[in-house]
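Engineer: Fold the following and give me the result.
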Amino acid sequence: MDTSDGIWKGESDVQHQKLDVFFQEIEGGRCVPRSILVDLEPGVVDAVRSNKEMGSLFNPDYCITANNGAGNNWAKGYLNEGAEIVEEVLDQLRKQVEQCESLSAFQVVHSIGGGTGSGFGSLMVEKLSEDYSDKLNINYSVFPGSTFGGNSDVVVEPYNSILTLNSLIESSSAVFTI
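Structural biologist: Coordinates of the predicted model:
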């Protein structure tokens, strides 16, 4: 598949049949990732969407942001700003699920040092576990280096990590630490 336009250009029918595991084919044979990009401040998602090589691949309906950010605070990501957009994210998630032929798992990629990845990530992992208890919930969690003795500008990073770990232990099928 060409990343600049999302059009499949391969020669293998088997590969084309398996494309729908991670991509959805839309009008004109264009493929878009089966993903929802979420951040509690718009900067990072806007950077992905404006990327010249891959930004046009992502469906703008599945790029969700808030305005205030979580300020590197787990509680703001879980209880405040995150709680304000969680229903919008879940609605978009349900639309994605309805388009799947045979859903077996969710993959959540998030960091756990700041507020969105840790707080909102915890909230989403718990919601996925509640709403889709029969599906695997796989997490790829980026641990901050400062948790293991390095220095960080974020004073609450260790607390964010511990609070997120609790949600991951209770609600995930598997966690891969990065």
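Engineer: send the alpha carbons of the helix ranked longest in the chain over as CSV?
Structural biologist: When secondary structure is assigned using DSSP state H, the longest helix within the chain turns out to be helix 81-98. Taking only C-alpha atoms (Å, rounded to 0.1, in the frame of the first residue of the first chain), the coordinates of helix 81-98 have been written out as CSV:
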residue,chain,number,x,y,z
GLU,A,81,-11.0,16.5,30.6
GLY,A,82,-11.0,12.8,29.7
ALA,A,83,-14.4,12.2,31.2
GLU,A,84,-15.8,15.0,29.0
ILE,A,85,-14.8,13.4,25.8
VAL,A,86,-15.0,9.7,26.6
GLU,A,87,-18.5,9.3,25.2
GLU,A,88,-17.5,10.9,21.9
VAL,A,89,-14.5,8.5,21.7
LEU,A,90,-16.8,5.5,22.6
ASP,A,91,-19.3,6.5,19.9
GLN,A,92,-16.6,6.6,17.3
LEU,A,93,-15.3,3.3,18.6
ARG,A,94,-18.7,1.7,18.2
LYS,A,95,-18.8,2.9,14.6
GLN,A,96,-15.5,1.2,14.0
VAL,A,97,-16.7,-2.0,15.7
GLU,A,98,-19.8,-2.1,13.6
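Engineer: mean confidence score for it?
Structural biologist: Taken as a whole, helix 81-98 carries a mean pLDDT of 96.
Engineer: Where does the prediction get shaky in this protein?
Structural biologist: Where the chain drops to pLDDT under 70, the residues are 1-4, 146-151.
Engineer: hang on, residue 96 packs against residue 61?
Structural biologist: No. With the criterion set as C-beta atoms under 8 Å, residue 96 and residue 61 do not qualify as a contacting pair; they are 10.0 Å apart. Where you see a C-beta, it was placed from the backbone N, CA and C, and this is true even at glycine.
Engineer: between those two, which one's more packed in?
Structural biologist: When neighbours are counted by other C-beta atoms under 10 Å, residue 96 comes out ahead of the other of residue 96 and residue 61, with 17 against 11.
Engineer: contacting residues around the more buried one?
Structural biologist: Residues near residue 96 by C-beta atoms under 8 Å, 6 or more residues apart in numbering: 34, 36, 62.
Engineer: For this protein, which segments are assigned as strands?
Structural biologist: 23-25, 31-33, 37-39, 63-65, 105-111, 136-142, 174-177 (DSSP state E).
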